[in-house]
Each structure stands twice: as C-alpha cells, then as structure tokens.
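>>> What shape does this take:
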Amino acid sequence: MKKILPVLLISFLLITGCAHKVVFMHENVAKITKVAVLPFANETNDLDGSAVFRKLFFDGLCRKGYIVLPLDQVDKKLNELGITQGGQLNSISQEELMKELDAPALVYGTLNKCAYVTAAIYRKKEVAGTVKIYYKGELFWEDTRQIKEDEVMKGNILKNLGDQLVDKIVDKAIAGALKIHPLQPQFERMTNILLISVPGK
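Next comes the predicted model:
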C-alpha cells in the first residue's frame, strides 16, 4: 500500500484526560481481595469497544496480583439479576452486587469516546474512558484517560481521501482477521495508563 507523506503528524497522549479526572486512594487498599469487573457502560456508537476496554482492564488487574472473578461468571450472575449491560447497573445497589457476586470490590467503567475518523486531509483515532473501583461501598480509586491521535496530510484532497479509506478498510480487515478491535492499540495504551496508578498486590 502506498504511504502518504504527512506534512504534519500529531500523535499524543492526553494524560490528564478530561478536566474532571480524579484519583482517590482508599486507606484500606491492602484489604482488597476479590474483585468483580462489571460490564462497562458505553456512551459511543461502537458496539464492541466497551467489552474490549473491560477485558483489558480485567487482564491488567490480574497482572497486578488481584483475585479477579472470571468475566463470564460475573455476567452469568448479573444476567440472573436482569442485568445485561453496563448501563443497567444503576438499577441495583452495590450491597446487593457485593452479596450476589461474593466480592467486596467492584469495578465500574464507561467508554466515553471511540472514534476512527477520516476526512480528506485529516485522520483521527480516539478513545477515552473512565474507571471507578469501590471497596465495600466506598470509592477506592477513580481515573479518566484519553488517547487521541491526529494526522494532517498534504497533497491532493481526493487522492488523500481515497488512500485513507483504503487504509481504514485494510485496518478493519486486519482487525477482523485477527479478531481484535481496529483501535486495539489505542485501547491498550489507554488502559495501561489507567492501571499505572492502581497499586499492585
């Protein structure tokens, strides 16, 4: 595939995320044992992004030494309670969730942004998400992060647009063949940044 030489390439991490980003550290961090990562809510039009985000955060907590309930076990119990997606979690109390899941720590997440945009001389890949961890009903940790990559290119607008569309199709085809999300690298970077401030066990 012929590459397009960018006149300007801006690729950056918005480490501070949104202005409302907050991180709380609960004093009882050492007491946290079992953790349940609940289905993440989705504020985007991407149907798969929140599940990708959730799985990556689950994997990260496992690497940090937490005892994390298997996602299918959590989903099965939630389905029995009538909960099939993250946006429905407000309908049930944390007390009931802790009791039903037998886990004192609950992880709530929201996918705030998930975009892959191409437009003539401009291309953007962006993901943003928020995660909160509660321990026995008290906020233990919260953070919001964003990964945004912008590319502005020179040259013929129609040619650029055609090349971009080809690149996007190829990206999605490769992602489909590998059974990964087209924005998998961006999700991984965002999740790794989020996990940095979560203490290990």
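
>>> Could you check the pLDDT of the spatially most central residue of the chain?
Closest to where the C-alpha atoms of the chain average out (CA atoms, centre = their mean) is Phe53, at 3.2 Å. For Phe53, the model assigns a pLDDT of 98.

>>> Could you list the buried residues of whatever helix or strand it lives in?
Taking DSSP states H and E as the definition, Phe53 sits inside helix 49-63. Neighbour-count burial for helix 49-63, with 16 or more other CB atoms under 10 Å as criterion, is recorded at Gly49, Ser50, Ala51, Val52, Phe53, Arg54, Leu56, Phe57, Phe58, Gly60, Leu61. Bear in mind the C-beta positions are built from the backbone N, C-alpha and C, glycine included.

>>> returning to what we had before: shouldn't the residue nearest to the centre of the chain be in contact with Leu111?
Yes: using CB atoms under 8 Å, Phe53 is in contact with Leu111, at 5.3 Å.

>>> Common neighbours of these two, please.
Common neighbours of Phe53 and Leu111 are listed as Phe40, Val127, Gly129 (criterion: CB atoms under 8 Å, 6 or more residues apart in numbering).

>>> of those residues, buried ones?
Phe40, Val127, Gly129.

>>> Let me know the secondary structure of the last one.
Going by DSSP: H, G, I helix; E, B strand; the rest coil, the secondary structure assigned to Gly129 is strand.

>>> which ones are touching His181?
Counting by CB under 8 Å, 6+ apart, His181 touches Asp48, Gly49, Val52, Ala175, Phe187.

>>> For the last one, give me its contacts.
This means Phe187. Gly49, Val52, Phe53, Leu56, Val127, Ile147, His181.

>>> ok, now with 7 Å
By CB atoms under 7 Å, 6 or more residues apart in numbering, the contact list for Phe187 reads Val52, Phe53, Leu56, Val127, His181.
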